[in-house]
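**Q** I would like to see how this sequence folds:
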Amino acid sequence: MRLWRLIWISVAAGASLLGILFALRGLVVSQRMPLFVEPVEDEKSLAAGDPFLLRMREAEKLAPASSPYPTIAVIDSGLDLELAVREGVALAEAELRSFNLVPGASRMEDDLSHGTGLFLRLAARKNGWGTVGLVPDATVLPLRLGSGPEFESGGVPFERLDRAFALAAGAGTKIVSLSVSNVRRYWPEAGMAALLRRHAGILVVAAAGNDAWKLDYGDDCAYVPVCVSAPNLLKVGAKDFPRSNRGAPIELWALSRSLQWRKCGNEGKAPIYCLREVTSTSVVVPKAVALAALVIRLKPRWPPERIKKVLIQASAGGDLDPLTAVRAALIP
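**A** Down below sits the predicted model:
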């Protein structure tokens, strides 16, 4: 009888301890950093879902590093700092606060994960974990233009975009990645054209949008960032994404398939990120931006319109070809 009592006490004590451990686990999960699935960094493996990555590396071998990569600004939905740190990106919190243009926001964040995906597509370091950026040695600045609800409702004011460009220019930016949505009512075409003229030394790569519209120039243009013509504005569409906007304003078409970090769930309060194969108009933007950065590294004195011309020529085969762009830049 005494033996059974000892066994019962031991089982009860073990169950209580297990319960405590599970409770503590739940507490840790609710407070801990995000979880990551498939954290394997291997360029050859990644290239199976992202062949452009290896083509960029081949092009870099042909390109002597006569000057550093230019500074790139990603004007988007922000950046998840925890994921950026895991990817080896060094970021100054004080500086990032000034790049967060959402009123009332105390720190940089990204409630859409859209800007995070594009930022890390460009800037993820080669640190043995996660993905590898297309231009990991470049200085890439995240500028949080709006919150998720603002983008979804089209409520991002044009004045905020003006401020973002001023910050980008002040940081010495040579290239801007612009991939935003639902801004027609708030972004006047005349204002957009004037903004591009004020920053004529910056190459702006803008996504065509994902509304399956056929765009054209004129007063009834459905997507203001693309329906403006400027020497320093390159408008890109996704050849392999049916919902990519089309029409006369689109100047460059390329394949968009790549691997990016996306939120794929939650455990407690902690988000879970997964590497996912993505096709979207937005995904073409970092390809064009990265290739433009490589050309600028070779020809730092070239104006945006000349870089734009090289990129359009490098997409003549149906996708962006880094080798074609580099060879064009190396011609005396």
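**Q** Report the distance from stretch 204-219 to the chain centre.
**A** Averaging C-alpha positions (CA atoms, centre = their mean, to the nearest Å) puts stretch 204-219 19 Å from its chain's average.
**Q** swap that for stretch 311-320, please
**A** With CA atoms, centre = their mean, you get 21 Å for stretch 311-320.
**Q** go on, stretch 148-168?
**A** That offset, for stretch 148-168, works out to 16 Å (CA atoms, centre = their mean).
**Q** Could you list the low-confidence segments of this protein?
**A** Applying pLDDT under 70 to the chain flags residues 1-49, 181-186, 217-224, 269-271.
**Q** For it, which segments count as helices?
**A** 2-31, 43-49, 51-62, 81-86, 93-98, 114-123, 148-153, 158-170, 189-198, 281-298, 304-314, 322-330 (DSSP state H).
**Q** Check whether Gly155 really touches Gly148, as I assumed.
**A** No - using CB atoms under 8 Å, Gly155 is not in contact with Gly148, being 11.0 Å away. Using the backbone N, CA and C atoms, a C-beta is placed for each residue, glycine as well.
**Q** Grab the nearest non-local neighbour of Ala123.
**A** Val140 (4.0 Å; CB to CB, 6 or more residues apart in numbering).
**Q** and that neighbour, how far is that from Ala248?
**A** 31 Å (CB to CB, to the nearest Å).
**Q** ok, those two, which is more surrounded?
**A** More neighbours surround Val140 than the other of Val140 and Ala248, with 30 against 11 (other CB atoms under 10 Å).
**Q** so the more buried one bridges to which residues?
**A** Ile72 (DSSP bridges).
**Q** Report the contact partners of it.
**A** By CB atoms under 8 Å, 6 or more residues apart in numbering, Val140 lies in contact with 71-74, 89, 119, 122-123, 133.
**Q** Mind doing that once more with 6 Å?
**A** Residues in contact with Val140 (CB atoms under 6 Å, 6 or more residues apart in numbering) are 72, 122-123.
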